[in-house]
Structure formats: structure tokens, C-alpha cells
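# just the structure for this:
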Amino acid sequence: MFNGGVLSLAEISDRLEIQQLLVDYASAIDQRRFDDLDRVFTPDAYIDYRVSGGVDGHYPEVKAWLGEVLPNFPAYSHMLGNFDIRVDGDTATARTICFNPLVFDETTKQVLFVGIWYCDELLRTPDGWRLTRRVEEKCFDKLL
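The predicted structure is shown next:
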């Protein structure tokens, strides 16, 4: 949280570490390295992807679902922005916009453009910041 408009070095460090964690999530998904997500989520994290047609549940089940479903898409990417990170001691919240185009079929060139907000809760662990909760909030989607 801001202290008279000036962030302390600890607050800057926390915010940058959390921002990098959010980028690490997107990189793991986009590079199909689903085991890298073990360094993003706590083992008991709750994840809710239902707004974009996915599932909800605890991290191990959702990770398995990602590994089954995402290979069906020939290509996709995540672009993150507007990182709104609020740190309160050893917990934090973040609200981050994600633009996520997904190619359905390379032959027809059909692409689904998805805009979502990631609404996250985080915890500082001995291994660094980790997501304990991720819920998607829909902005838009458009099939072209």
C-alpha cells in the first residue's frame, strides 16, 4: 500500500516479485511447461476458469485439466498489463488484465480473442510469493 505516495524499497521489491510471478504463469502456459506452475501456485490454491469456459477447483486438478485441454489449441498467447498489486504484510491481492488470443483451427484461421481480468490472492511463502486463489473475470470475447 502507498505510504504518502512513496513506496518503500520492500514494497517495490514485493510488487516486482509478484509481477514477475504473474508473468511466470503466462510463460508457463504459453510454452506448455505446466510443471513450471508448481512455482506459481500453492498446492492447495483455488482456481476458477469457468468464465472463459474452463473448470474450477484446486491446483492439482486444474493443472491436470490444463495439460489435457490446451494441447488442443494449435497456438495461443497471454499478454498481461495494468498490474494492480496491493501488498499487506505477507499477503497480497492483484488484478491484472489478460489479452488471450486462441487459434481454434489453423486451416480456417479461426481465432477466439479473449479479454479477462485475473483476480488473485497471494501469500508470501518460504519459497517466495505464490498464488493461493485465481478467479477470472470476463471483459470480452470475440470469435473471428
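
# just checking, what packs against the helix of greatest length in the chain?
Counting by DSSP state H, the longest helix found in the chain is helix 9-30. Under the contact definition 3 or more C-beta pairs under 8 Å, 6 or more residues apart in numbering; DSSP states H and E, helix 9-30 sits against strand 79-88, strand 91-105, strand 110-125, strand 128-143. (Glycine included, C-beta is placed from N, CA and C.)

# quick check: pLDDT value at Leu112.
Predicted confidence (pLDDT) at Leu112: the value is 88.

# typo on my end, Gly4
Listed pLDDT for Gly4 reads 62.

# Lys109 now?
Each residue has a pLDDT score; the one for Lys109 is 79.

# residues contacting it?
Lys109 makes contact with Val103 under the criterion C-beta atoms under 8 Å, 6 or more residues apart in numbering.

# how close does it get to Pro71?
From Lys109 over to Pro71 the distance is 19 Å, taken as C-beta to C-beta, to the nearest Å.

# returning to what we had before: what about the longest helix of the chain, average pLDDT?
In this model, helix 9-30 has a mean pLDDT of 97.

# i'd like the first residue to be 40 from this point on
Renumbered: residue one is now 40, and that last one reads helix 48-69.

# list the helices and strands the next helix or strand after that helix packs on?
Moving toward the C-terminus from helix 48-69, the first helix or strand encountered (DSSP states H and E) is strand 80-87. Applying 3+ C-beta pairs under 8 Å, 6+ apart, one finds that strand 80-87 makes contact with strand 95-97, helix 98-108, strand 167-182.
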